[in-house]
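Participant: okay, sequence plus prediction incoming.
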Amino acid sequence: MKPVTEKFRDIALDTLNDSKIQANLNALYEGFHSRRIAAGSATHNWEDLREHGRSIREHTVENLDFYIEILEQAVVANGGNFYLASDADEAANYVVELAKSKNVKTVIKSKSMLSEEMSLNSKLEQNNVEPIETDLGEYIIQLADETPFHIIAPAMHKDRSDVADLFSEKLGAAKSSDVNELAGVARSQLREKFFQADMGVTGANFVVAETGTVALVSNEGNGRMCTSMPKIHVAVTGMEKIVPTMNELSTLLRLLIRSATGQWISSYVTTINGPRSSYDEDGPEEFHLVLVDNGRSKLLSDPELREALLCVRCGACMNACPVYRKVGGHSYGWVYPGPIGAIVSPVLTDLKQAKDLPFASSLCGACHEACPVKINIPRMLLHLRRKLSEGDNDLDTQSSSVFERGFMKGFSKIAGNPLLMGFSVKFLRVILLPFSKNGRLKKLPGYLSGWTEYRTFPIPAKVSFRRLWKLKNR
Amino acid sequence: MKASLFVTCIVDQFYPKIGESTFGILNRLGIEVDFPKGQACCGQPMFNSGYWNDSKPLAKKFLQDFSDSEYIVLPSGSCAAMVSKFYAEILKDEDAALREWEQISPRIFELSDFIFNVLKIDDLNQFVTPNSPSGVLKIAYHQACHALRELNILNQPLTLLGSLSNVELVNFDQEDVCCGFGGTFSVKFPEISGAMLSDKIHALRNSKAEILTSVDSSCLMHIRGGIEKAGDKIKVMHFAEILHDRLG
C-alpha cells in the first residue's frame, strides 16, 4: 500500500467534520474498549498473564533469527514451503508468481494486514488473478475500493445504510436495513467464490516455530474456508509473529482475543500444520508460509523502538486512544493506524513523510495501559519526536523548522534562568495586557491562532509566586 | 518534616495562587516548607517536542537546586512525572547526573500523593477550622493523564477530597479520557485537541458538577480555556486551591 502519511492533517480534519464517522468512532469507547476492560477484569490473574505474554514476546523477538530457522525446518518437515521475503514487493512477487505458475484464476483471502503492506490485491489483479476478500468487513472495503479503517474492524466507519447502498450499487442487491440480510447477501456471493477458488491467502495471527503451525483467529469461519477449500494455501505474515511452542500460543491467544473484542475466545481458532496429509479428509494439497521483513529489521536494530515488534495486532491501543477516536484510521495514511501505527508506519515507510504521526498524540498513555503486552508506546513516540526534531545519527530524519529549533533553544535558556524568565514573562504581560479582558485572551495570532479557536488563553499573573514568596519572607 | 516546594513554571507565572495554596496546606499539615530560589522549568515542553538536548540543562539544574531537599513536592502531575520518571531518559548517557537523579527521584511527590502516601493522611476533616465554609460543593475530579498513568494518582486526591464533609464528589462520562491538552499537541493539532476538549466539556455540562478540579494546572488551564470559550459556568480550581478553601 502506497503510504499517504503526509496527508494526516487533511484526512483528520475531514474525518472530524464527518458526523456519521464520528458517531461510529465514539461508539468504540463503550464497545471494544469497555468490553476489553471487562474481559480483563473477569480473567483470573490478568495482570500476570500480561506480564507473561510480554516476556514470551520479548524472548521471541530477541531470538528471532533462531526461531525463524526452527520454524523453517518445521514447515518443511510438514511438507510445506517456506519463504522469507525481505520486503513487501518480494513477498507479493512470490505469491503472484506462484499463482501464475499454477494457473490460478481466483484467490480467496481471509483478513491479512500484511497483504495490505504488499498491495497484494492490486498486484494479483494486474496479473489477471481475481482476489476476493472473505472477511465481511474486508469484503465491504474491497467493494468500496478503500483501505481498512481499523485493524480488526476494517469497515467500522460504515453503517448499515452505507453497506446497503454499496451492495445495491456493486452487486445489484435489494437495499435492506437488516444486518442479517446484508450479511446474507455477502454470504451468497462469497459461497460461490469459496467453491471456485484455486488458492487461499490468509494472514497468521501467530506461527508456532516448533510445530510449523499457523494460528488464525476469526469470528466468521472464513479463515477456515480459505485454508481448507482451495488446493493451495498461502499464509503471509510479519516475521515477528512467531511464538516458540504451542504452550506460548495459548497464552498469547488469550491475550489477543480478550484485548481485541473482549470475547473470551473467538468463534473460530484455526490451526494449520501444512498441506493435507495422507490421513486428512480435506485440506490443501500445497502449503506456503511467506514470512516478511519489510522494514521490521529496522525496528529490531533500534533498541529504543524494538518494543514495537512485541505487538500482537489486537487493536486495543486504537480503541483506547482518544486521538484515534477522533481522527479514525484513514488519517494515519498507511496499513496500521492508531498509536502503534504512529510508531510502525514511520519506520516501515518513511519517517520524514510520516512526520506528523508521532506528534499527533497527547501522550495520555491510554494505549500503554490498554496494550496486552504492555508496549510503552508514548515512550517510543517521544523517541521518534526526538529523531525528527534533533535529527538522528543513522537516519537523515530532521524535519523541524529552523524557527522551532531556535525557539526551543531560546526557551530552554530563558526557562533555566529565573531572573531572565521573570523579566521575559513580565515583558510578555505588558504586551498582552491591552489585548486581554479579565486576564484572558480571546484571540492569538499566527501559529497560536488555532488554540484560541477552542479556548481562551490566560495572560501571566501580575505578581509571580516567586515574587510573592520573596515579599512574604523578607 | 521538611519539604521543598517545586512550584512549576506555569504556577509561578500564571497561577501563583495555586502555589500559595500548596504552601498553605503543607504548612497546615505541619510541614516546614522551603522554596529553593534557583528553581526553573522542568524541561517538559522541550522534552515532549523532541528537543532533549535543550531539556537536559534544565534537568541538571533541577538536580542542583533540589539536591539537599528531604522531600520535593509539586502541585502538578505531569511535571512530577517529568522529574521523577522521564529524567531517566534524558540523563541516560550522563552517568554522574543519572546517579544523582536516582538518589533524588524517590523523594519527589505530587501534592496529593505526598499527603496520602508520605504523610499517611487519608482524612482531612481533622484539619478543618471553625471558619471553613459549611456549604457543600459538588466537585468533579479530572483524571489528569500523567498523574493517572505515569504516577498512579487517582485514589489519593479522591480519598482526600471525599474525606471533607463540605465536598461532594460527582461523576461524569468518560472520566479517564484525556482533555486533549498534551502541551505542544494542542498547538500543533488544535482541531483534534479541540474536539477532545469539547467532549470533556460536554460531559461536565451533563454532570452535577459546580467545580472541576485536578492535580495538574496545565490540564486545568486547557479545560478552563475551553469552558470560558464555550461560555459555560463550571468553575475550575486546582486541588490545592480546593483544599485551601475547604479547610478554611
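Facilitator: That came in fine, so what should we check first? As the structure is a prediction and not an experimental result, all values here were calculated from the model.

Participant: where do the strands of chain B begin and end?
Facilitator: B:2-5, B:32-34, B:72-74, B:108-110, B:137-141, B:167-170, B:211-214, B:235-238 (DSSP state E).

Participant: those strands: which one's closest to A:Ile257?
Facilitator: strand B:137-141 (33.9 Å; Cβ to Cβ). All C-beta spots, glycine's among them, are computed from the backbone N, C-alpha and C.

Participant: can you spell out which helices and strands pack onto the closest one?
Facilitator: Strand B:137-141 is packed against helix B:155-162, strand B:167-170, strand B:211-214, helix B:239-247, with contacts defined by 3 or more Cβ pairs under 8 Å, 6 or more residues apart in numbering or on different chains; DSSP states H and E.

Participant: shaky segments in chain A?
Facilitator: Residue ranges of chain A with pLDDT under 70: A:393-396, A:474.

Participant: near the spatially closest residue to A:Ile108 that is not a sequence neighbour, how many other residues are there?
Facilitator: Of all residues not flanking A:Ile108 in the chain, A:Ala197 sits nearest, at 4.1 Å (Cβ to Cβ, 6 or more residues apart in numbering or on different chains). Applying other Cβ atoms under 10 Å in any protein chain shown, we find 25 residues neighbouring A:Ala197.

Participant: including mean pLDDT and distance to chain A, could the helices and strands packed on strand B:137-141 go into CSV?
Facilitator: Formatted as CSV, those follow (pLDDT from 0 to 100; distance: least, Cβ to the nearest Cβ, whole Å):
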stretch, mean pLDDT, distance to chain A
helix B:155-162, 98, 16
strand B:167-170, 98, 20
strand B:211-214, 98, 13
helix B:239-247, 97, 12
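
Participant: Serialize the ones you listed to a markdown table and add fields for distance to A:Asp159.
Facilitator: Below are the helices and strands packed on strand B:137-141 laid out as a markdown table (distance: least, Cβ to Cβ, whole Å):
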| stretch | distance to A:Asp159 |
| --- | --- |
| helix B:155-162 | 38 |
| strand B:167-170 | 34 |
| strand B:211-214 | 34 |
| helix B:239-247 | 42 |
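
Participant: now the ones you listed as a markdown table including mean neighbour count?
Facilitator: Converted to a markdown table, these look like this (neighbours: other Cβ atoms under 10 Å in any protein chain shown):
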| stretch | mean neighbour count |
| --- | --- |
| helix B:155-162 | 19 |
| strand B:167-170 | 17 |
| strand B:211-214 | 24 |
| helix B:239-247 | 23 |
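
Participant: out of the ones you listed, which gets nearest to A:Gln126?
Facilitator: strand B:211-214 (55.6 Å).

Participant: what are the contacting residues of the closest one?
Facilitator: B:77, B:137-144, B:147, B:157, B:161, B:204, B:220, B:223, B:227, B:234-239, B:241-242 (Cβ atoms under 8 Å, 6 or more residues apart in numbering or on different chains).

Participant: how's chain A carved up into domains?
Facilitator: A:1-42+A:315-400, A:54-296, A:417-472 (automatic domain parsing).

Participant: single out the most deeply packed of the ones you listed.
Facilitator: Stretch with highest mean neighbour count among those: domain A:1-42+A:315-400 (a mean of 21; mean count of other Cβ atoms under 10 Å in any protein chain shown).

Participant: nearest the geometric middle of chain A, what residue?
Facilitator: A:Tyr336 (3.1 Å; Cα atoms, centre = their mean).

Participant: next, it: secondary structure please.
Facilitator: Of the three states, A:Tyr336 takes coil under DSSP: H, G, I helix; E, B strand; the rest coil.

Participant: got it, and A:Phe82?
Facilitator: Applying three-state DSSP: A:Phe82 is strand.

Participant: among the contacts of strand B:211-214, which ones are buried?
Facilitator: B:77, B:137, B:139-144, B:147, B:157, B:161, B:204, B:220, B:223, B:227, B:234, B:236-239, B:241-242 (16 or more other Cβ atoms under 10 Å in any protein chain shown).

Participant: still on that earlier bit, my read: the residue nearest to A:Ile108 touches A:Val107, true?
Facilitator: Yes: using Cβ atoms under 8 Å, A:Ala197 is in contact with A:Val107, at 6.3 Å.

Participant: list the residues that contact both of these two?
Facilitator: A:Ile132.

Participant: returning to what we had before: between the helices and strands packed on strand B:137-141, which one is nearest to A:Asn273?
Facilitator: Here helix B:155-162 is closest among these (Cβ to Cβ), at 49.3 Å.

Participant: list the contacts for A:Asn26?
Facilitator: Contacts of A:Asn26 (Cβ under 8 Å, 6+ apart): A:Arg325.

Participant: assign A:Leu216 to helix, strand or coil.
Facilitator: A:Leu216 ends up strand, using three-state DSSP.

Participant: distance of it relative to A:Tyr94?
Facilitator: As judged by Cβ to Cβ, to the nearest Å, A:Leu216 and A:Tyr94 stand 20 Å apart.

Participant: what's opposite B:Ile211 in the beta bridge?
Facilitator: Beta-bridge partners for B:Ile211, by DSSP bridges, are B:Ile139, B:Lys235.

Participant: the residue lying closest to A:Lys374 once chain neighbours are set aside in helix, strand or coil?
Facilitator: Residue nearest to A:Lys374 in three dimensions, not counting chain neighbours: A:Arg54, with 5.2 Å by Cβ to Cβ, 6+ apart. On the three-state scheme (three-state DSSP), A:Arg54 is labelled helix.

Participant: one step back: of all the helices and strands packed on strand B:137-141, which one is nearest A:Asp392?
Facilitator: Nearest to A:Asp392, of the helices and strands packed on strand B:137-141 and by Cβ to Cβ, is strand B:211-214 at 35.9 Å.

Participant: before we move on, back to that, could you check how far the residue nearest to the centre of chain A is from A:Thr147?
Facilitator: 11 Å.

Participant: which residues does B:Ser134 contact?
Facilitator: B:Asn166.

Participant: oh, that last question was meant for A:Pro358, not what I typed.
Facilitator: Counting by Cβ under 8 Å, 6+ apart, A:Pro358 has contacts A:342-343, A:346, A:381, A:384-385, A:388.

Participant: closest to chain B out of those?
Facilitator: Checking the contacts of A:Pro358 against chain B by Cβ to the nearest Cβ gives A:Arg385 as the nearest, at 3.4 Å.

Participant: tell me which element the residue in the stretch 51-200 of chain A that chain B sits nearest to falls in.
Facilitator: The minimum distance from the stretch 51-200 of chain A to chain B, using Cβ to the nearest Cβ, falls at A:His157 (16.1 Å). If you go by DSSP states H and E, A:His157 is not part of any helix or strand.

Participant: doesn't A:Asn24 make contact with it?
Facilitator: Yes: shown here, A:His157 and A:Asn24 form a contact pair, counting by Cβ under 8 Å, at 5.6 Å.

Participant: quick check: neighbours shared by these two?
Facilitator: Joint contacts of A:His157 and A:Asn24 (Cβ under 8 Å, 6+ apart) do not exist.

Participant: neighbouring contacts of stretch A:463-474?
Facilitator: A:418, A:422, A:425, B:7, B:11-13, B:16, B:19-20, B:35, B:37.

Participant: let's see 6 Å
Facilitator: Contacts with stretch A:463-474, where a contact means Cβ atoms under 6 Å, 6 or more residues apart in numbering or on different chains, come from B:7, B:12-13, B:16, B:19, B:35.

Participant: and those residues as TSV, adding pLDDT?
Facilitator: Listed next are these as TSV, based on pLDDT from 0 to 100:
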residue	pLDDT
B:Val7	97
B:Asp12	96
B:Gln13	96
B:Pro16	97
B:Gly19	98
B:Phe35	97
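
Participant: what are the contacting residues of stretch A:244-255?
Facilitator: For stretch A:244-255, using Cβ under 6 Å, 6+ apart, the contacting residues are A:52-53, A:56, A:206, A:208-210, A:215, A:243, A:372.

Participant: which of the residues you listed sits closest to chain B?
Facilitator: When the contacts of stretch A:244-255 are compared against chain B (criterion: Cβ to the nearest Cβ), the nearest one is A:Pro372, at 16.1 Å.
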